[in-house]
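Participant: sequence? don't have it. structure:
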């Protein structure tokens with residue numbers, strides 16, 4: 001039994017008055033520093049606009065034009081603390097989001113969004129300007145480099161409205177890594193669900209970096225989130241006026257949702273239910289082995305044509321059929337028909353494949369189905385768990401992880417067994433993502449040890465009994 005535990009990982013964070021004024025100023029600065037260091041969701045101290053004036057004994061300490069990331073303005077020690085909510089939250093690790101209620105005007109093809117202040121006094125008090133790239137992969141300069149910046153600012157001058165809208169608006173980009181199914185879901189569709197679902201389709205989407213093919217590919221999903229035609233911000237020359245605008249998409253983690261941080265507590269279980277509805281997928285649960293119908297469980301194998309492909313499907317398929325599976329081979333690519341692929345996956349009870357974008361099709365599986373992820377050689381266990389293992393658990397799927405040995409990798413044909421690539425693969429991790437990708441992702445194929453892997457398929461059958 002000990003060796004089986006190694007094969008499978010299964011699921012079931014101065015003097016006199018001047019001196020006193022100096023002390024008072026010092027205490028104030030110290031408190032600001034403490035807030036900056038220890039309060040969550042605040043901007044760095046360098047971003048705080050602060051001017052301190054020490055006056056005579058009659059006026060005491062006065063602070064003017066002092067605004068921190070929560071929008072506090074302190075006028076004097078005798079005045080009340082005034083507060084407003086900043087237009088944008090730029091402190092989240094995965095995305096920047098602006099959420100504006102009021103008079104908001106979007107000049108589409110100029111990438112300009114203005115929050116119109118009610119008076120000149122307000123305009124002077126809260127002068128805000130942000131350059132937002134509305135794509136949920138913040139910090140990844142390769143992805144974000146292709147995403148157009150949207151200028152969000154306060155303004156007293158109001159451009160004339162070409163069209164007034166009675167529903168909220170959400171502005172987002174479909175550039176970045178879109179076209180890769182994993183990023184289509186992790187960077188756009190799941191964050192869009194989190195951001196838009198609460199509006200019950202009464203919301204207008206405005207898309208920058210507009211890609212018509214992408215909109216067509218996921219039209220069924222978009223239609224379930226908005227009843228209005230998508231506006232192409234790149235070509236539209238009109239000024240659109242709204243009372244509520246969200247710029248950017250709310251994103252919590254890779255290919256998943258944190259229900260504690262999402263509107264109305266949405267979870268990945270809600271998302272997969274939503275996806276099944278969007279694609280008219282009827283199966284909500286897998287078969288239960290041993291029921292009166294005595295049906296064979298269906299196993300779908302995600303086949304890759306280039307890197308990380310199976311080299312011995314001719315051995316894997318007969319072995320799985322011998323165990324009682326009905327096997328379906330599905331080839332995933334960027335041009336795959338999403339609707340057809342969704343129907344195939346939803347008809348199955350177990351999905352298996354090598355780590356890669358094709359495993360994103362797990363979103364179409366029935367709840368409590370089984371996902372088997374084959375992890376290529378190269379110390380990639382952490383990546384496999386982060387990208388698909390933890391999301392599978394959040395979707396209420398059964399998860400099995402199989403980590404191959406060097407003898408199951410095509411790398412064994414290129415390097416001697418005592419090479420560093422086998423002795424210490426983590427050395428390549430220290431060289432960065434490009435080294436990991438080029439060494440272990442792009443140049444490796446898999447030849448499963450069918451005897452060793454047999455135990456994984458048997459474990460999947462046990463999971464379907466439960």
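Facilitator: Noted; the coordinates are in hand. Values in this document were obtained by computation on a predicted structure and should not be read as measured data. Numbering: from 1, shown residues only.

Participant: Which residue ranges of the stretch 301-450 of the chain form strands?
Facilitator: With DSSP state E, counting those that start in this stretch as the criterion, the stretch 301-450 of the chain has strands at 326-331, 350-354, 370-375, 398-403.

Participant: in the first one, what's buried?
Facilitator: When neighbours are counted by 16 or more other Cβ atoms under 10 Å, the buried residues of strand 326-331 are found to be 327, 330. Where you see a C-beta, it was placed from the backbone N, CA and C, and this is true even at glycine.

Participant: and if you look at stretch 422-429?
Facilitator: 422, 425, 428-429.

Participant: I'd like the mean pLDDT over stretch 445-457, please.
Facilitator: The predicted model assigns stretch 445-457 a mean pLDDT of 98.

Participant: next one: stretch 266-279
Facilitator: Stretch 266-279 comes out at a mean pLDDT of 98.

Participant: now do stretch 99-106
Facilitator: Rounded mean pLDDT across stretch 99-106 is 98.

Participant: before we move on, what about stretch 283-293?
Facilitator: Stretch 283-293 comes out at a mean pLDDT of 81.

Participant: can you pull the buried residues of stretch 159-174?
Facilitator: 165, 168-174.

Participant: Same question for stretch 256-265.
Facilitator: Buried, per 16+ other Cβ under 10 Å, within stretch 256-265: 256-259, 262.

Participant: what about that stretch, how long is it end to end?
Facilitator: 13 Å (Cα to Cα, to the nearest Å).

Participant: cool, and stretch 411-424?
Facilitator: Start-to-end span of stretch 411-424 (Cα to Cα) is 14 Å.

Participant: List the buried residues in stretch 134-153.
Facilitator: Neighbour count says stretch 134-153 has 134-138, 143-144, 147-148, 150, 152 buried, by 16+ other Cβ under 10 Å.

Participant: Report the distance from that stretch to the chain centre.
Facilitator: Offset of stretch 134-153 from its chain centre (Cα atoms, centre = their mean, to the nearest Å): 13 Å.

Participant: mean confidence for it?
Facilitator: 97.

Participant: Contacts for that stretch next, please.
Facilitator: Residues from elsewhere that reach stretch 134-153, judged by Cβ atoms under 8 Å, 6 or more residues apart in numbering: 87-88, 92-96, 98, 100, 111-115, 128-133, 171-173, 175-177, 183, 186-188, 191, 208-209, 247-249, 251.

Participant: In helices, which of the residues you listed fall?
Facilitator: 183, 191 (DSSP state H).

Participant: Buried only: go through the contacts of stretch 134-153 for me.
Facilitator: Neighbour counting with 16+ other Cβ under 10 Å marks 87-88, 92, 94-96, 98, 100, 111-115, 128, 130, 132-133, 171-173, 175-177, 183, 186-188, 191, 208-209, 247-249, 251 as buried within the contacts of stretch 134-153.

Participant: got a pLDDT number for the closest residue to residue 378 other than its chain neighbours?
Facilitator: Excluding the flanking residues, the one nearest residue 378 by Cβ to Cβ, 6 or more residues apart in numbering is residue 440, at 3.2 Å. For residue 440, the model assigns a pLDDT of 97.

Participant: now residue 223, nearest residue through space, not along the chain?
Facilitator: Here the residue nearest residue 223, using Cβ to Cβ, 6+ apart, is residue 278, at 7.7 Å.
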